[in-house]
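Q: need a structure here:
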Amino acid sequence: MTGLTRSLSLDGRNYNIACGQIDIGNAATSRNEDTARGRLQATGRVEAEPRMDVEHVARGVVYMATLPLDANVQFMTVMATKMPYIGRG
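A: Presented below is the predicted three-dimensional model:
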């Protein structure tokens, strides 16, 4: 995804296309309710992970989308502050 974002950002310049990537951590949705109950961690223990309100992600997306074409957020990560890992993927 990162390579595609960079390529599109460069190739789209002549056409006034801006492109950015947003990486989202544990947003509180029905899709990841198991996160709040507990997930297997690298330590072998099952522990609940912090989640954030999905509204915080939406605000990041709106910010990126409303910038004028002469400014761009290339990469943004929105995550719960106390998530145990960054970029676990």
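Q: Following the chain past the longest helix seen in the chain, name the next helix or strand.
A: Assignment by DSSP state H gives helix 54-66 as the longest helix of the chain. Next in sequence after helix 54-66, counting helices and strands by DSSP states H and E, comes strand 75-78.
Q: ok, back up a step: list the buried ones in the longest helix of the chain?
A: Under the neighbour-count criterion of 16 or more other CB atoms under 10 Å, helix 54-66 has 57, 60, 64 buried. The way it works is simple: take the backbone N, C-alpha and C, and place the C-beta from them, glycine included.
Q: and what of stretch 17-27?
A: 18, 19, 20, 21, 24, 25, 26, 27.
Q: Also stretch 40-57?
A: 49, 51, 52, 57.
Q: low-scoring stretches of the chain, by residue?
A: Along the chain, the model assigns pLDDT under 70 to residues 87-89.
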